[in-house]
Each structure stands twice: as structure tokens, then as C-alpha cells.
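Undergrad: can you look at this prediction? I've put the sequence above it.
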Amino acid sequence: MKFCYFHLMPWTDLDEAPSQWPASNASFSPQRAKELYDGYIDSMVFAEQCGFDWVGCNEHHFSPYGLMANCNLIGSALAYRTRDIKLAMLGNLVPLLNPVRVAEEYAMLDVMSGGRLVAGLIRGVPHEYIAYNVNADESRARLREAVSLIIKCWTEPEPFGWEGEYYQYPSISLWPRPWQRPHPPILMSASNEESAEFCGEFKAIMGLTLIADLAIARRSIDIYKRATAIQGFTPPPEYILCGYNTCIMDDDAEARHTLEEGQRYFHRVLMHSIRDAQRLVITRSRYFGQDQVGETFVKRLVALKERTIDEQIEAGSVFCGSPDKVIQQMKRVHGELGNGMFNLNFKIGNIPDAAVTRGMELFRDKVLPAVRDL
Amino acid sequence: MFEQDMFTTETATLSTGPVTYRKGGDGPAILHIHGTAGPNHSTVLDDLAKRHTVYHPVAPGWDGTPRHDAVRSVSDLADVYADFIRTVIGGPCDVIGVSFGGWVALWLAVRHPNLVQQLVLEAPAGLRDPGTGGLPVDPDELHRQTYARPDRAPPPARSKDAYWINRRLRDELGAGISLDQPLLEALPKITARTLVLFGDRDQISPAMPAAHRMRLGIPHVHMTYIYNAAHALEFDQPEKLTALISAFFERGEGFLVRSAAAAG
């Protein structure tokens, strides 16, 4: 079993939920943000010492939910403060961006880190399409073309042009080309049936996040495996990455209390205005090709918000408790899903950094030795 | 709908024999060299003919036209097209070669560089690795590999028997070769600025390593992928083809610079 230490880099200092999306930045303090960045990057560097295989971050816009408009900037800082750990950018929201620029930045990061990049090529959650004013109806088609173009950017041995539906470039030649050959491993989100099939078609690592129900997650994995089989590819277990909010403390009660407090801030403050924007995109666009998938997405968010910690543990949505309990929970999920990688987010909402660090130490000393060989 | 009415059918007498051709439009001349199947009239030809005179000959022996005894190889066929340019068009022109026609066009540009001003190659044959690509025998598989957008495929232009007569002629001239080594060695002789187009889903003429070989061999060459296109570029993505080819022929190297019209 492999593990990724994932960080959302949340803004932790809001007293009230933003009233609407996008969140007002009137109370933003650059000095406080500098402290947060310093602490968060220290924590991500510490992940290498705790035995994590990857360290990951992602991209969000216009919100205190995460201070990473471009995760590649965090990746480049990590490249020079870490040695062996993989840098998992989970990832760039390619339909919103210039795909050639994504290919270039990822190639830089891969070279700068000596071939440690895991390249997340992500469609992005619905509300990001309002942020960058991109037609959400086109999100899937844009992702498909952008990924095809990015792979060409990385692999073509000579300059080439691209005449596509959304992207046209008369002549492309990347300097630098990526370190890894033929290109860095690609990860895509596969949290619903549509995206699981898409991910399998590209033979990418599948990323399952916000697991509300293990049966639904298992169905996505089955769809992914069927899609990879059509491509003549059998994904190894580490190609199935399951994302978990994780709270490990010395005893169960302390862990539950800590996670409860963090989730309260997460749902009440950080997610408040985002939910409205997501609902807007889902109901006013064809972001989800099938209505049913959109409904499932909304239901999943509601379910995750309303469940108690015990219910979340039972549903296989979080890891929470003492090291022994978390070991049991990980073994259970692994038994159900057969995944070879967990993506663990310890900084949920405003959980204090000291609690995050303690959780990482417990993971290193007690959890990892017991689950490494799963 | 095709606007074939704007094209007329004529016959020219060349030094090796008669050649039937279709001609349409007005403006600088473009010679369009068809592929294995024979002439397939696409809307690309109609659109190019709005600002060019498009010549679309039938290769000798294709579609029941008389064979020329002198034509025994791809380079011989290229010489026929050179004769056509001199005799019918009257001087150097821009050339488009499609698939097998791209192979012929490459030899034309190698052997008669003074007759080819600018060259566009659509999924050209002749430079792929042995054992890769090629035309499937099974008709369904052939159709699947030819069109990425089957909804845009044209109705058959000829009977199956006529298709196979054309295809056997191509095999005879091409001598079963997938990588034409003498052509590869002669590519540096091409003086025409060249644009090579490949569909990103082409399995019949896969872009690599043919595009790489042209990139290394032809002195002034650009290669562009047409997204969501297989082998039949003019049918899978006709608007893209027309825009690219027009820009290349009309603006030369300037086609690399985004124009106000394209930006709109």
C-alpha cells in the first residue's frame, strides 16, 4: 500500500461563512497567508520523513477553501525541499487553462524534481467554470482534447502543430521535455461513472475522492477496470487512489472531537458559498452529461455534510480514531476496494497544525508499519 | 452538399497517354493528387476552388481510364503529374497529395522541384515502418479506420469491384513497400515549403515515425495534427483542412501567425 499526503491549504481564520460565491476577500491578510503557506509547506516536506510516497496538492479558485490557484508553484517549492517523494499535482484543471502551458509547467516540474512528478489532469469541480468563465457544457470535450494535446506535447520528437476543436497551435516544441519517459504518470479524477470510464480510456491513475459509499466507489473501480481492459491495460493496485479525510490522534475520543471541529468549519464556512455555485452550474449547464450523475454529486455532498463521525466511518468515508482504529478502517476499505494507494488529507477545515503533525507522527510510527504490506 | 457543378471534366493528352481530369474555380492553380481509392470529391475542393483553380486528375488506369505503359512505379506516376503541370496548368503550382497521392507528390517534389511551389501532404504513405499501418482488407475495418467521424463519410464513389481494381493498381506501383528508402534519401532535394497533416487517430498512415522522417529530410516543413480525424482528413474535418490549406498556400510561412480572420 502506498500513501499520498495531501493538502488543501485552507484559509482558517474566518468567523462567518461567506454570504455568496465568490467569497469576499476583504478580510484577507497577506501576512497571515505567508504564515499559512510557510506552515503548510513545512508540513508537506515533513510528509517525506513520515514515509509517505507522494505529497499532493490541487487547484482551486476564488475561495478560502484552498489557497492554491496554481499547485505547480507549491510543487516547485517542494521540488527543492524534498528528495525522493513523488510530487503529485492533483491537479491542474486543464479545461480552464492553456493545455500547452500545463504541459510546459509540468515538464519543468518533472525535470526540476528529477522525474518525481505525478501529473493530475483534472476537469475541476463545477463552480471553477464560473471562476474562469469557461462553458461548463464543454468541460468533458475540452478535457479530452486537452489531455490528448498535452500527451503529444510531451512525446512528439519534433515540432508539431495542433488543429483541434477548442485548441489551435501552429507549432509547438516543448523546452524542457519531461524527465520521465514516455511521459509522467497521469492521474485523473474518477469519482463518478462517467469520469471512471474516461480515466480508464486514457490508462490514467484513477483518483476517487469524497467517497460517500463504498459500493458506489467499487462500481466506479469496476467501470475503470473495464475501460482499461478495452485498452489492453491491466492497472496495478497503485493505479487506484482513494482519497480520505483522516484524523489520527492518541485516543479515539480526541480524534473524533478534533475531526468534528474541523469538519464543522469545513462545511459551515469553507464549503458554504461553494455549494451554491456548484448547484448553479449543475442546474444551468450540462457539466454532467447525465442528469443522474449530477444528482448523485449533489446527494454525495449533502450526505457527507450531514453524517456523524461514526456514520462517516461506517460508510467508509473517513479515517478517524486512534492508530489501531485507523489501521482497522484502512484494512476494511482496502478489502472492499482493492486499492493500492490512499490519499490522506489531515488538514480538514481549521484542525490545528499541531494536531495534524501529531497525526502524521502516529501515522509514521504506528499506522504505516501495520498497513504498508496490504 | 458537394458543388461538383462548378467543376468540369476534361481530357488532356500527355506524352505518355491521355489523362482525364476535373477542373474548377479561378485563381492560382492547385494540383490535387488522389489516394488509393481514386478521386473522392470533398467540400475542401469546392472551398479551395472559390479562390484557386483546382485540378483533380484521375491517375492513369484508375476508375477505368487508360493505363500508361510507361508508368511502372510511384516515381513514374509522379512524372505523369509533372507532365500534367507543364502541359495543362502551364507552369509551377501548389500541390496537395492525399495518402498514396502524398507518396506520389513527394516524388513529384523530389524529381521536379521547379514545378512544385508549395506542398501539402494529407496522411501521406510511403514513409511508414514495415508492419505498421496500411489499408485493412476487411471492408468494415477499412471504413472504421478511414473515418473518425463516420457520420461525415461520403457515399461510395465507385463499386467495390472498381475500388479493388484501383487498389491493386496502387499495390502494383507501390510494389508492396511501406518505407520507400530511395524516397527517404531524396527528401532533402525538395525545395517546396511543405505542410504535412495527420489525423490524431490515423491507424492507416500513423504519423510516427513518418512525420519525424519528413521533418528530418525536407528542408522547410511543418507538421500539424488534425484532432478527431482518422485517415480521411478531408471528410473527417473539412473546415479545418480548408482553413489550414488556404492559409498555408495564401500566406506561406505567415500561416504560423494567427490572422485577424482566424482570431475572430
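TA: Yes, it's here.
Undergrad: packing partners for the helix or strand harbouring A:L121?
TA: In the assignment (DSSP states H and E), A:L121 maps to strand A:117-122. Packed against strand A:117-122 by the contact rule (3 or more Cβ pairs under 8 Å, 6 or more residues apart in numbering or on different chains; DSSP states H and E) you find strand A:54-57, strand A:86-93, helix A:99-112, helix A:139-155, strand A:186-189. C-beta coordinates here come from the backbone N, C-alpha and C atoms, glycine included.
Undergrad: what residues are up against residue 76?
TA: Answering for chain A, as no chain was given. By Cβ atoms under 8 Å, 6 or more residues apart in numbering or on different chains, the residues touching A:S76 are A:108-109, A:112.
Undergrad: um, chain B though
TA: By Cβ under 8 Å, 6+ apart, the neighbours of B:D76 are B:70, B:173.
Undergrad: next one: it from B:L108, what distance?
TA: Counting by Cβ to Cβ, to the nearest Å, the separation of B:D76 from B:L108 is 11 Å.
Undergrad: most packed of the helices and strands packed on strand A:117-122?
TA: Highest mean neighbour count among those (mean count of other Cβ atoms under 10 Å in any protein chain shown): strand A:54-57, with a mean of 28.
Undergrad: give me the most central residue, chain A.
TA: With distances taken as Cα atoms, centre = their mean, A:L90 lies nearest the centre of chain A, 4.4 Å away.
Undergrad: make sure it is actually in contact with A:N345.
TA: No. The pair A:L90 / A:N345 is not scored as a contact, 10.6 Å apart, by Cβ atoms under 8 Å.
Undergrad: overlap of the contact sets of the two?
TA: Common neighbours of A:L90 and A:N345 are listed as A:F6 (criterion: Cβ under 8 Å, 6+ apart).
Undergrad: how about stretch B:214-222 and chain A, touching?
TA: Yes. Applying Cβ under 8 Å from any Cβ of the partner chain, one finds stretch B:214-222 in contact with chain A at B:215-216, B:222.
Undergrad: what's that stretch in contact with?
TA: A:158-159, A:161, A:170-171, B:121, B:124, B:127, B:184, B:187-188, B:190-196, B:223, B:248, B:256.
Undergrad: one more time with 6 Å
TA: A:158, B:187-188, B:190, B:193-196 (Cβ atoms under 6 Å, 6 or more residues apart in numbering or on different chains).
Undergrad: before we move on, the earlier item: with pLDDT and secondary structure added, can I get the residues of stretch B:214-222 next to chain A in JSON lines?
TA: Output for the residues of stretch B:214-222 next to chain A, formatted as JSON lines (pLDDT from 0 to 100; DSSP: H, G, I helix; E, B strand; the rest coil):
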{"residue": "B:R215", "pLDDT": "95", "secondary structure": "helix"}
{"residue": "B:L216", "pLDDT": "95", "secondary structure": "helix"}
{"residue": "B:H222", "pLDDT": "96", "secondary structure": "strand"}
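Undergrad: so among those residues, which ones count as buried?
TA: The neighbour-count test (16 or more other Cβ atoms under 10 Å in any protein chain shown) marks B:215, B:222 as buried among those.
Undergrad: quick one: contacts for the closest residue to chain A within the stretch 51-200 of chain B?
TA: Nearest to chain A in the stretch 51-200 of chain B, going by Cβ to the nearest Cβ, is B:D200, at a distance of 6.3 Å. Neighbouring residues of B:D200 by Cβ under 6 Å, 6+ apart: B:225, B:227.
Undergrad: roughly how far apart are the residue nearest to the centre of chain A and B:P124?
TA: Using Cβ to Cβ, A:L90 is found at 41 Å from B:P124.
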